[in-house]
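# Predicted coordinates and the sequence they were generated for:
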Amino acid sequence: MRGSDVPCLAVSEYGNVKTGGRTREPTPSPAIRRRDAPFRNCAFTADPGFTQALVARGIGRPSREQAFALMAIDARREVVDALAQARFPTPTIDELMALTALQVTGQYVNGLARAGYRPPSIHSLVEFKALAITPEWIGGFVRIGYGNLPPEELVQLKALDVTPEFIAGFDRIGYRRLPVPTLIQLKALDISPEFVRSAVGHRATLPPVNELVQMKMFGKRRWR
């Protein structure tokens, strides 16, 4: 039977898959066409120190399938340590895999903690990373007086692309310190500072926000 040398090696911080050398890949016959034929002699070895760290941090001991997945996505101990040091919620094995898949790093976790944000759940942290909510982005809101916003409000602001510049625009025309739910409503209805200025002109008295909503929804162009 003709064969060929096939490398069998994968290494990450969590573990490795390897053989002592190379496997022999037989030329498939019509009756045997398994895609994993070159790897049937591969052995997976999890890093026992990493496994013990997961147990010690209260995350738990992964099953063999979970351990292999942690190796495959290159899970990092520094993320586990950063979560514990920042006093974030303890993830499950599956949540750790989700964080790793989104490329959450220890630096990202530490940055959020320094900005004063500790999401109430790992699910919230996943949302933060999936929406690209960064410490720098949060800092933009802090600088205009919107510090210590609840995580769910940050998620809503990011999802609708409400920016510090959008808020500052309302501040400049006289709508100061609008609550986050109001800002979200305005953004969702595409009510911008430019729309308000075109609708009300340069009047000294500005209409309340609910009037702005009516103007937008019912097509009023000028407030009397």
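Everything's here; your move. Numbers count the residues shown, from 1 in each chain.
# all contacts plus neighbour counts: C-alpha atoms, from now on.
Fine.
# Enumerate the positions of stretch 182-196 that are buried.
Within stretch 182-196, the residues that count as buried by 16 or more other Cα atoms under 10 Å are Leu183, Ile184, Leu186, Lys187, Ile191, Ser192, Pro193, Val196.
# Show me the shaky parts of the protein.
Across the chain, the ranges flagged by pLDDT under 70 are 1-42, 203-204, 220-224.
# how about a cut-off of 90?
1-50, 64, 68, 72, 115-120, 148, 197-207, 214-224 (pLDDT under 90).
# that older thread, between the buried residues of stretch 182-196, which is nearest Gly147?
Relative to Gly147, the closest of the buried residues of stretch 182-196 is Leu183; by Cα to Cα it sits at 15.1 Å.
# correct me, but that closest one touches Ile167?
Yes. Taking Cα atoms under 8 Å as the definition, Leu183 is a contact partner of Ile167 at 7.5 Å.
# Look up how far Ala53 lies from the residue nearest the centre of the chain.
Centroid-nearest residue in the chain, with Cα atoms, centre = their mean: Lys129, separated by 1.5 Å. Distance, Lys129 to Ala53, using Cα to Cα, to the nearest Å: 24 Å.
# Tell me the secondary structure at Thr45.
When classified by DSSP: H, G, I helix; E, B strand; the rest coil, Thr45 comes out as strand.
# same thing with Val155?
Here Val155 is recorded as helix under three-state DSSP.
# number of nearby residues for it?
By other Cα atoms under 10 Å, the residues close to Val155 number 17.
# ok now do it, which residues does it touch?
Glu127, Phe128, Leu131, Ile133 (Cα atoms under 8 Å, 6 or more residues apart in numbering).
# same question, Ala86
Shown in contact with Ala86 (Cα under 8 Å, 6+ apart): Val109, Asn110, Ala113, Arg118.
# Name the residues that touch the helix or strand encompassing the second one?
Think Asn110. Element membership for Asn110 (DSSP states H and E) is helix 106-114. Residues outside helix 106-114 that contact it (Cα under 8 Å, 6+ apart): Glu78, Val79, Val80, Asp81, Ala82, Leu83, Ala86, Arg118, Thr134, Pro135.
# That concludes my questions; thank you for your assistance.
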